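[1] structure of the sequence below:
(chains A and B)
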There are 2 protein chains.
Amino acid sequence: MTQLDTLYSQLTLPTTAKLALIVMDGVGDIATKDTEFLTPLEAAATPNMDQLSHEAIQGRMTPVAPGITPGSGPGHLALFGYDPVETQVGRGVIEALGLGIELKPGDVAARANFCSLDDSGLVTDRRAGRIETEVCERLCDILASKIKRVGSAEVMIQAGKGHRFVVIFRGAGLEGPILDTDPQREGLPIAKAIPADASSKKAQKAADLINAFYEVALPLLKDEQPANGFLMRGIAHQPDIPTFQERYRLKPACLAVYPMYKGLAQLVGMTKIEGPQTIGEQFNRYLELYDDYDFFFIHYKYTDMYGEDGNFEAKKKAIEELDEALPILLQKRPDVLAITGDHSTPCPMKGHSWHPQPVLLSSAFSGSDKLDRFTETGANLGSLGVFEAKFLMRHMQAHARMFDKYGA
Amino acid sequence: MTQLDTLYSQLTLPTTAKLALIVMDGVGDIATKDTEFLTPLEAAATPNMDQLSHEAIQGRMTPVAPGITPGSGPGHLALFGYDPVETQVGRGVIEALGLGIELKPGDVAARANFCSLDDSGLVTDRRAGRIETEVCERLCDILASKIKRVGSAEVMIQAGKGHRFVVIFRGAGLEGPILDTDPQREGLPIAKAIPADASSKKAQKAADLINAFYEVALPLLKDEQPANGFLMRGIAHQPDIPTFQERYRLKPACLAVYPMYKGLAQLVGMTKIEGPQTIGEQFNRYLELYDDYDFFFIHYKYTDMYGEDGNFEAKKKAIEELDEALPILLQKRPDVLAITGDHSTPCPMKGHSWHPQPVLLSSAFSGSDKLDRFTETGANLGSLGVFEAKFLMRHMQAHARMFDKYGA
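    This next block holds a predicted model:
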């Protein structure tokens, strides 16, 4: 814990306030000539957010550090107030979370995919001809039914899409990262699992388990075609990080639709609320649970999805749909409301980017930046300035009056 | 010293420039519906600051870190360029400074207050029925006249308001923090003084002195009613920090009216100028002392005072009064002039807050942000952006041409 984290912790007071964080995934965008220099947020009709912005402040958030484009993992860890550089979560863990697997601290998770091997064990196709999901599921069932444990560890296997699956090793004294068994090109054998840090005994133990897993798993696949082998990547353990509730003295609920975001919320100990499928249903569920939790993480996927597609109109419409549903949430207006993204997903880039996402923060103590709308260009003029996303939680806590005065 | 501090130090050149820092305590505010979305700074008529702003740049300063509300101590340490998280000054020290006591590095200071004890020594009233200041002064006189030393340390006792007083222990090899002797609730005995860090021999020595002080002091009060005991809190030593002059190669003068701010200036080695009681007198004194010092810290209390009262009109008027006096200072215009606060004290909150305070900086090298006024909303648009208050001194030094080029 840094000296500053210690200070925040010492100053933290209990609260009866309700805090809500609405994440329009990938909402940030860039203004280009092709769209008359408007972003989707600027082009969208957002009467409810416009109204909010009169009693709110704005700014832009650097998701990780200047120029760094985050995946969903670091993007959300920062929003949850964890330093996304210090708190690294391996891709195997993210993948497992994305499949809805309930990981525990210390679990070692690997992204895996089926591959094709020749008679001498050399990789001939790293993706096994991109087999269908149904084939993948059948093969995973074979492995899972025959292999429950390896050495001292429990093994869990879960099929993903196409040739992809995930393997979890649960046991005492394990840790990652382990170097990929994927040799990265055809014509080479599957690489042995070895620890990234040769001096880590826990990682050596995990690597030994993975190699032992190969010993029992490969014979089970030997008559399959084309998927008679598999490669593992991003092998890492779930870090043991302080829970959201420990860190902020707030009891958090996650209202997300997609497994990845539920998984990330679970990583920091949020309670996953199952059921709602639309943003209207999510907001309604917030109303129902208002008394039961202090903090609500409400995740909206479609802004990112259409940004990835480069579909400006659809991204704009997704923003309008969220705005239209906002009055449901405002029936019980949270004491502190933040609306932002976990990063930008500019339509012209068809992918995540490093551009700081806009953020709006409204509370009885926010005052007003006197901006008529919530947009990227407006956020540039706000009193929050450009700040690191990991401080958003601290801003929200301050607006909930959760910090005692520092010093006399 | 951090790597960056070392660099600043290496680059620092001597200067003949004059620098002035005007601190309108707690000047920052928030715009709410109740005041037609104007802050006191926005509502005030400030023709002189308006004029200045044409040849100035603006920005906003995070007093400590996002969301943290500073007391006057951390707020001013940051303005003086010291990291307010690393340089922690205990409440006993701040209290002593506030009473105008001249502390030396290593002095251990405690906030104390009279309490009532029953026959078995249990606390029956932690504030001794909130005795009058005159009673407090009489009791402090009794203690001070009888106790000049305890063990190897000199003891100083100074009455405050009501039941409050301060005790200073001056001797070699002492340090804080020491845990409170206040048991926090009635029905318990006075707690023994023990070091916060059990491994600190210096703190153990200080704790022993405090316990020895109790041994001699309590018998002197035994026949008093209701104040026959006392409790101590915030027991800490004055940190030995590099002086302002060592750090910046500037000879500093403090033009403050209230003891707390004189004390904070003295903590970093500024010369306290006694006498002036109004901002006009402070500015006149600046003119008289112009040749004798390089740096002038000019403190104005009333913006904070009326902010604490929630009195918008009075805070606005206090700003207008400072603005009206400004031409006095401008008779000998400092080469570098900064106007800001040590934090915000928004009227709607009736207290200090975390909202970044606006800052205006004018020099021959500032250029202009082309803003017509100095306000919170204007400052959002300035070229200084939102930055940590501890860097204001470095900006001022730069504008005084005090830094050599870094690298070829």
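
[2] within range of chain B, give me the residues from the stretch 51-200 of chain A.
    With CB under 8 Å from any CB of the partner chain as the criterion, the stretch 51-200 of chain A meets chain B at residues A:54-55, A:59. No exception for glycine: its C-beta is placed from N, CA and C like everyone else's.

[3] against which helices or strands is the lowest-mean-pLDDT helix or strand in chain A packed?
    Across the helices and strands of chain A, mean confidence by mean pLDDT, DSSP states H and E is lowest for helix A:91-98: a mean of 90. If contacts are counted by 3 or more CB pairs under 8 Å, 6 or more residues apart in numbering or on different chains; DSSP states H and E, helix A:91-98 sits against strand A:108-117, strand A:164-170, strand A:229-237, helix A:259-267.

[4] neighbours around residue A:225, how many?
    10 (other CB atoms under 10 Å in any protein chain shown).

[5] try residue A:248
    26.

[6] same question, residue A:10
    Around residue A:10 there are 10 residues (other CB under 10 Å).

[7] gap between it and residue A:127?
    Using CB to CB, to the nearest Å, we find residue A:10 at a distance of 52 Å from residue A:127.

[8] what does residue A:286 give?
    41 Å.

[9] same check on residue A:223?
    Computed as CB to CB, the residue A:223 to residue A:127 distance reads 20 Å.

[10] who has more neighbours, the two?
    Neighbours per residue (other CB under 10 Å) separate residue A:223 from residue A:127, with residue A:127 holding more: 16 against 7.

[11] is it correct that the more buried one is in contact with residue A:115?
    Yes: contact between residue A:127 and residue A:115 holds when scored by CB atoms under 8 Å: they sit 6.6 Å apart.

[12] got any residues that touch both of those two?
    Residues touching both residue A:127 and residue A:115 (CB atoms under 8 Å, 6 or more residues apart in numbering or on different chains) are residue A:163.

[13] for the residue lying closest to residue A:102 once chain neighbours are set aside, report the pLDDT, please.
    Distances taken as CB to CB, 6 or more residues apart in numbering or on different chains put residue A:266 closest to residue A:102, at 6.9 Å, once the chain neighbours are dropped. If you check residue A:266, the pLDDT there is 91.

[14] who touches residue A:266 in this structure?
    By CB under 8 Å, 6+ apart, the residues touching residue A:266 are A:97, A:102-103, A:254, A:272.

[15] how much space is there between it and chain B?
    26 Å (CB to the nearest CB, to the nearest Å).

[16] out of the residues of the stretch 51-200 of chain A next to chain B, which are buried?
    A:55, A:59 (16 or more other CB atoms under 10 Å in any protein chain shown).

[17] need the residues of the stretch 51-200 of chain A next to chain B in a markdown table with pLDDT and secondary structure, can you?
    Shown next, in a markdown table, are those (pLDDT from 0 to 100; DSSP: H, G, I helix; E, B strand; the rest coil):
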| residue | pLDDT | secondary structure |
| --- | --- | --- |
| A:54 | 96 | coil |
| A:55 | 95 | coil |
| A:59 | 98 | strand |
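
[18] from the contacts of residue A:266, which land in helices?
    residue A:97 (DSSP state H).

[19] what's the most distant pair in the contacts of residue A:266?
    Greatest spatial distance among those (CB to CB): A:103 and A:254, at 15.0 Å.

[20] which ChimeraX command selects the buried ones in the contacts of residue A:266?
    To isolate the buried members of the contacts of residue A:266 in ChimeraX, using 16+ other CB under 10 Å:
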select /A:97,103,254,272
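
[21] what's next to the strand or helix carrying residue A:205, contact-wise?
    Residue A:205 belongs to helix A:201-221 when elements are defined using DSSP states H and E. Applying CB under 8 Å, 6+ apart, the external contacts of helix A:201-221 come out as A:108, A:110, A:139, A:142-143, A:146-147, A:150-153, A:155, A:167, A:169, A:171, A:173-178, A:181, A:190, A:192-198, A:227-230, A:232, A:235, A:237.
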